[in-house]
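Engineer: need coordinates for the below:
(one chain, ligands or ions: 1)
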Amino acid sequence: MGLRGSKLPEANVILLGLDNAGKSTLLYRLKHNASASTVPTIGFNVAMLEAKKNRKNIAVTMWDVGGQDKMREHWKSFHQDAAAVVFVVDSSDRARMEEARRELEVTLRSEQLKGRSLILIANKQDVNGALTTTEIKDTFHLRKICSDRDWYVQPCSATTGFGVEEAFRRVVQLAKLPSESGAMKENIKDTVHYLKSTRRR
Ligand code: G3D
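Structural biologist: A predicted model of the protein is given here:
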């Protein structure tokens with residue numbers, strides 16, 4: 001199983017958040033919980049997973065490109081092709097909550113991300129004293145900053161696996177497929193094909 005050679009409609013999802021939020025752990029969980037092809041080859045994490053949307057199979061590629069300076073120049077093209085934005089928050093790190101909020105606000109201001117759904121992962125719910133989803137919603141002023149897009153806050157613990165599958169289901173549900181959000185840009189498409197071809201070797 002997997003996506004090798006698949007001609008399924010593809011949805012690119014970008015995984016963002018501060019360092020230490022749990023992005024890599026979440027991606028690792030997703031890869032190992034579901035039927036997925038994993039490609040740890042090109043300097044950043046990516047997971048390819050199959051899913052059903054509107055009763056059709058689709059290929060979801062989740063890109064963890066955040067934080068790495070060398071990827072910054074490519075962020076715009078990732079944004080342009082994004083079917084949804086997943087923003088991971090360390091719910092237990094109260095000291096950096098404002099920094100995370102600012103980062104999200106700036107991200108969502110991107111013209112390329114207009115109308116794209118946001119799935120905010122309230123990660124590290126297993127840690128005592130972690131902010132609840134309601135507290136996160138309020139702290140991030142989500143109703144205000146997401147007034148023009150669909151959004152959802154998913155409680156999660158990437159280390160225990162709690163909420164991980166549900167988070168993915170939400171992503172699939174809220175993702176806008178390329179046919180809905182404009183043509184997929186060639187550079188991302190090429191990268192995806194390159195990644196798949198390296199898996200075939
Ligand atoms: P990042 O990719 O966003 O930078 P990582 O974050 O996935 O590398 O995770 C950073 C640290 O947080 C890791 O700990 C990881 O194990 C931990 N972590 C991730 N998700 C959870 C969670 O849900 N609960 C708890 N308790 N810890 C989590 P280390 O110690 O390896 O740095």
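
Engineer: any residue of stretch 141-160 up close to the ligand?
Structural biologist: Yes: using C-beta under 6 Å from any ligand atom, stretch 141-160 reaches the ligand at S157, A158, T159. C-beta coordinates here come from the backbone N, C-alpha and C atoms, glycine included.

Engineer: contacts for the one helix or strand T134 maps to?
Structural biologist: Assigned by DSSP states H and E, T134 falls within helix 133-139. Applying C-beta atoms under 8 Å, 6 or more residues apart in numbering, the contact partners of helix 133-139 are V89, S91, M97, R101, L120, A122, L131, L142, R143, V153, Q154, P155.

Engineer: again, only using 7 Å
Structural biologist: V89, S91, M97, R101, L120, A122, L131, V153, P155 (C-beta atoms under 7 Å, 6 or more residues apart in numbering).

Engineer: show the subsequent helix or strand relative to that helix.
Structural biologist: helix 142-145.

Engineer: buried residues, the next helix-or-strand element following that next one. List them.
Structural biologist: Following helix 142-145 in sequence order, the next helix or strand is strand 151-155 (DSSP H and E). Within strand 151-155, the residues scored as buried using 16 or more other C-beta atoms under 10 Å are W151, Y152, V153, Q154, P155.

Engineer: nearest to the ligand among those?
Structural biologist: Ranked by distance to the ligand (C-beta to the nearest ligand atom), the buried residues of strand 151-155 are led by P155 at 10.1 Å.

Engineer: test my guess that the closest one contacts V127.
Structural biologist: No: assessed by C-beta atoms under 7 Å, P155 is found out of contact with V127, at 11.9 Å.

Engineer: for the record, mean pLDDT for stretch 162-169?
Structural biologist: For stretch 162-169, mean pLDDT rounds to 95.
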